[in-house]
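[1] this one's structure only:
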């Protein structure tokens with residue numbers, strides 16, 4: 001120490017024997033970093049440099065999961081593929097199934113092996129091990145027998161012979177299924193009609209326990225049918241109608257337009273005493289902004305349209321049209337179909353004298369529904385009654401209108417991006433009122449007239465957030481409103 005060398009087998013120097021000071025540590029040698037040539041050229045992801053769990057970043061837009069193979073209309077009426085597995089229900093019975101189409105059950109999953117619990121000692125107690133969890137029971141989703149909970153078995157010093165086997169969860173067992181919630185009286189049937197009613201009863205009265213109510217793109221793909229489920233949404237819409245006639249019929253689009261009502265004034269007749277004639281051909285463009293706010297099964301909405309008119313006989317006009325607002329309520333919701341109610345009110349905010357509005361208040365209650373035909377097919381429907389209030393006593397009249405749309409996924413260019421094709425049928429039944437005819441003049445009876453139009457559409461969905469589509473409507477009756485109508489929509493959900 002301190003420069004004195006110690007010989008092997010010798011004694012320490014006197015200076016080292018009497019001192020009490022600790023030895024001075026020498027310099028610490030750090031490892032020399034490798035040269036760039038020695039470092040292997042491997043690409044290491046940036047996320048691997050953290051010591052925490054390696055969680056890949058999640059995209060902001062989540063893809064739409066494919067629909068679960070549950071019940072469809074084809075299964076209810078017995079036209080579904082026989083080789084397709086029909087998911088069973090807890091305590092389900094097959095007594096009402098026809099003999100020519102037996103139920104095909106999915107394979108039973110393998111049992112789950114649960115390890116034995118390790119007994120834990122309670123502090124400040126006897127040395128004998130004890131369990132902290134009170135005794136409970138687990139109800140098997142396959143049957144009604146009660147199984148002991150593996151976590152509440154009595155403590156033992158020796159391991160039990162073999163693992164504890166628990167039954168695998170059945171289909172629809174993501175939530176707790178109580179025995180009292182299971183069907184007590186299964187539907188008994190021996191005919192095809194009874195079998196259909198049994199399937200319908202099973203899905204309406206005993207829905208699947210794991211059904212999660214959520215917005216479905218296929219159930220909201222139509223262009224001329226209102227949606228059933230309320231949704232936080234903003235929509236931009238453009239309607240282009242061509243060769244429309246009888247615009248003041250029942251005061252649905254215009255007010256009375258023969259010079260005696262709120263509608264546009266006709267041009268003066270060329271000869272004294274000539275009959276005032278109505279508009280023969282009208283083209284228009286409606287640009288509207290729609291917003292809806294939803295909370296669970298109820299939503300409120302408002303729509304503000306801007307209209308551009310190009311008539312043949314009447315002067316052109318442009319400006320804001322009648323504002324409409326209302327509520328949307330989901331009344332019934334199951335995996336097979338949904339039913340909702342919409343109540344809409346129109347306020348006369350547009351200039352009726354220029355043809356931008358009707359000049360009166362209108363109410364419109366509607367019943368809407370959607371039915372799942374197949375895993376990639378839906379049907380949407382709407383039945384509504386348009387009720388005018390405060391218009392011309394002779395011209396205004398109620399209108400019963402109905403709409404039906406068949407929606408089908410055509411293809412998916414990428415996961416979560418379906419391209420949906422639609423085919424729609426729309427009809428208006430005029431129950432009263434009058435109109436100004438372009439040939440016979442004013443005060444023509446409108447009650448009993450029916451207008452029907454059909455047309456296809458195409459809509460592209462970008463996950464659950466954005467969609468864009470174009471729909472058409474072509475008149476198939478002689479007395480119609482718009483002979484052709486083109487509708488374009490851009491919708492954003494949040």
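    All right, it came through fine. Because the structure is a prediction, the values reported are computed rather than measured.
[2] got the contact list for the residue found closest to residue 487 once you drop the neighbours it is linked to in the chain?
    Leaving out its chain neighbours, the residue that sits closest to residue 487 by CB to CB, 6 or more residues apart in numbering is residue 471, at 4.6 Å. Yep, even glycine has a C-beta here, placed from its N, CA and C like the rest. By CB atoms under 8 Å, 6 or more residues apart in numbering, residue 471 lies in contact with 222-224, 422, 424, 455-459, 486-489.
[3] Any buried residues in the lengthiest helix in the chain, and which?
    Longest helix in the chain, counting residues (DSSP state H): helix 192-205. Burial within helix 192-205, assessed by neighbour count using 16 or more other CB atoms under 10 Å, is assigned to 195-196, 198-200, 202-203.
[4] Over to stretch 411-418?
    Counting neighbours by 16+ other CB under 10 Å, the buried set in stretch 411-418 is 416-418.
[5] what's the straight distance from one end of that stretch to the other?
    The straight-line separation of the ends of stretch 411-418 (CA to CA, to the nearest Å) is 6 Å.
[6] mean confidence for that stretch?
    In this model, stretch 411-418 has a mean pLDDT of 90.
[7] my guess is residue 428 contacts residue 451, does it?
    Yes: counting by CB atoms under 8 Å, residue 428 does reach residue 451; the two are 4.6 Å apart.
[8] What about residue 190, how many residues nearby?
    Using other CB atoms under 10 Å, residue 190 has 10 other residues around it.
[9] Make sure it is indeed in a helix.
    No: Residue 190 is assigned coil when assessed by DSSP: H, G, I helix; E, B strand; the rest coil, not a helix.
[10] coming back round to it: following the longest helix of the chain in sequence, what is the next regular element?
    Per DSSP states H and E, the first helix or strand lying C-terminal to helix 192-205 is strand 233-244.
[11] What lies in contact with the lengthiest strand in the chain?
    If you go by DSSP state E, the chain has its longest strand at strand 399-414. Applying CB under 8 Å, 6+ apart, the contact partners of strand 399-414 are 218-219, 221-225, 250, 252, 373, 376-386, 418-431, 458.
[12] partners of the next helix or strand along the chain from that strand, with directions?
    Towards the C-terminus, the helix or strand next in line after strand 399-414, according to DSSP H and E, is strand 417-430. Paired strands of strand 417-430, with direction, are strand 399-414 (antiparallel), strand 450-462 (antiparallel) (DSSP bridges).
[13] okay, these in CSV with distance to residue 304 next?
    As requested, the strands paired with strand 417-430 are exported to CSV (distance: least, CB to CB, whole Å):
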stretch, distance to residue 304
strand 399-414, 22
strand 450-462, 23
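[14] which stretch among those strands comes nearest residue 353?
    Across the strands paired with strand 417-430, residue 353 has its closest neighbour in strand 399-414 (22.7 Å, CB to CB).
[15] tell me which residues in the closest one are buried?
    With burial defined by 16+ other CB under 10 Å, the residues of strand 399-414 counted as buried are 399, 401-409.
[16] So for residue 469, what's the nearest residue that isn't a sequence neighbour?
    With CB to CB, 6+ apart as the criterion, residue 469 has its nearest non-adjacent residue at 3.1 Å, and that residue is residue 459.
[17] Name the residues that touch stretch 432-449?
    245-246, 248-251, 256-258, 260, 266, 275-280, 394-398, 429-431, 479.
[18] Over stretch 212-227, what's the mean pLDDT, rounded is fine.
    For stretch 212-227, mean pLDDT rounds to 91.
[19] I misspoke; the intended subject was stretch 242-256.
    Average pLDDT, stretch 242-256: 91.
[20] gap between the two ends of it?
    For stretch 242-256, by CA to CA, the gap between its terminal residues amounts to 21 Å.
[21] now stretch 333-353
    End-to-end distance for stretch 333-353, by CA to CA: 44 Å.
[22] And for stretch 219-236?
    Start-to-end span of stretch 219-236 (CA to CA) is 19 Å.
[23] Which positions within it qualify as buried?
    Of all the residues in stretch 219-236, those buried under the rule 16+ other CB under 10 Å are 219-231, 233, 235.
[24] now the helices for the protein?
    Here the chain has its helices, by DSSP H, at 14-18, 73-77, 192-205.
[25] So what's the residue count around the closest residue to residue 228 other than its chain neighbours?
    Of all residues beyond its chain neighbours, the one nearest residue 228 is residue 340 (4.0 Å), with distances taken as CB to CB, 6+ apart. When neighbours are counted by other CB under 10 Å, residue 340 registers 23.
[26] ok, residue 340 to residue 424 distance?
    18 Å (CB to CB, to the nearest Å).
[27] same question, residue 339
    Taken as CB to CB, the span from residue 339 to residue 424 is 19 Å.
[28] which of those two has more neighbours?
    Neighbour count, other CB under 10 Å: between residue 339 and residue 424, residue 424 has more, with 22 against 17.
[29] The more buried one is in contact with residue 459, isn't it?
    No: judged on CB under 8 Å, residue 424 makes no contact with residue 459 at a distance of 11.7 Å.
[30] for residue 271, phi and psi?
    Dihedral angles of residue 271 (phi, psi; degrees, to the nearest 10) stand at phi -120, psi 140.
[31] Next one, pLDDT for it please.
    Here, the pLDDT recorded for residue 271 equals 75.
[32] Just give the number of residues close to it.
    Neighbourhood size, residue 271 [other CB under 10 Å]: 6.
[33] cool, and residue 273?
    Quick note: residue 273 (other CB under 10 Å) scores 5 neighbours.
[34] Report the contact partners of residue 425.
    The contact partners of residue 425, by CB under 8 Å, 6+ apart, come to 403-405, 452-454.
[35] ok, of those, which one's closest to residue 284?
    Among the contacts of residue 425, residue 453 lies closest to residue 284 (CB to CB), at 15.6 Å.
[36] Run a quick check on the closest one versus residue 476, I expect a contact.
    Yes: here residue 453 lies in contact with residue 476, judged by CB under 8 Å, at a distance of 6.3 Å.
[37] what's the average pLDDT for stretch 437-456?
    Stretch 437-456 carries an average pLDDT of 90.
[38] Once you drop chain neighbours, what's closest to residue 431?
    residue 398 (4.7 Å).
[39] how close does that neighbour sit to residue 378?
    Taking CB to CB, one finds residue 398 at 30 Å from residue 378.
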